[in-house]
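Q: My questions are about this predicted structure, shown below with the sequence.
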Amino acid sequence: MSKKIIIAIDGFSSCGKSTLAKALAAKLEYVFVDTGAMYRAIALYFLRNNISFTNELSIAAGLSKITLHFEYNPSTFKSDIYLNGENVEAEIREMQVSSKVSEVAAIAAVRDFAVAQQQAMGAQKGIVMDGRDIGTVVFPNAELKIFVTAKPEIRANRRFLELKATDPTITMEAVAENLQHRDHIDTTRAHSPLKQASDALVLDNSEIDRATQFEIALNWANERIEKHNR
């Protein structure tokens, strides 16, 4: 039986990390974990319960009441995230959560809470996980690390088109400002900032389509799997 590996995919918001990770997981028959959805679900809980992002006691108390898990959704062919037993996949994608998720994810206690769960999920390998610090903090010894990036204007346009489908009032300016704000928080936070791992392979998808991106990543994965099994 072929030995499985861990594939860590990091990068900026709206670069298509999750889309790539899902496709790789499906092709390789690996488990996909959307870490961004985990942070979004935590942010949603904090917003619903008026938990201050700066009150350590309130944050700790809130985290102690949160349980997260993923369930496969046959209608969409992907896994949805559940917050305390409730499917919140749709709600966590709304702008009210998007505008706050980077602030919540920058909280050390929140990251420690999420990282512990993520590391447990990958203990048996055979996993594809995407996020901001997967290759640097969660799985620093992952056999394959991919850092996904794209030009800011292309990322903003992709995100705008995605949100426009559900919110016709959204503007390109608001989306671009939100992405810039999230990038700043993600890259400058004190705890586990977004950065490229020294041994990560860079995948700039500014000028390529999803199919081409997938083929590049799949070739990298197959090379690492073959090497791991020698």
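A: Everything's here; your move.

Q: When you work out contacts or count neighbours from here on, use the C-alpha atoms and nothing else.
A: Will do.

Q: Which residues belonging to stretch 119-139 are considered buried?
A: Buried positions in stretch 119-139, judged by neighbour count with 16 or more other C-alpha atoms under 10 Å: 121-122, 125-139.

Q: Which of the residues you listed fall in strands?
A: When DSSP state E is applied, these are split such that 127, 128, 129, 130, 131 fall in strands.

Q: okay, the helix or strand of the chain with the lowest mean pLDDT in CSV with CA atoms only?
A: Least confident element among the helices and strands of the chain, by mean pLDDT, DSSP states H and E: strand 68-73 (a mean of 84). The C-alpha trace of strand 68-73 is given here as CSV (Å, rounded to 0.1, in the frame of the first residue of the first chain):
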residue,chain,number,x,y,z
LEU,A,68,-16.3,22.1,15.0
HIS,A,69,-16.6,19.3,12.5
PHE,A,70,-16.9,18.7,8.8
GLU,A,71,-19.6,16.6,7.1
TYR,A,72,-19.7,15.6,3.4
ASN,A,73,-22.6,17.3,1.5
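
Q: Chain neighbours aside, what residue packs nearest to residue 66?
A: Once flanking residues are discounted, residue 66 sits nearest to residue 84: 6.1 Å by C-alpha to C-alpha, 6 or more residues apart in numbering.

Q: which residue ranges form the strands in the protein?
A: Secondary structure of the chain by DSSP E: the strands cover 6-11, 31-34, 68-73, 78-83, 86-87, 127-131, 144-149, 201-204.
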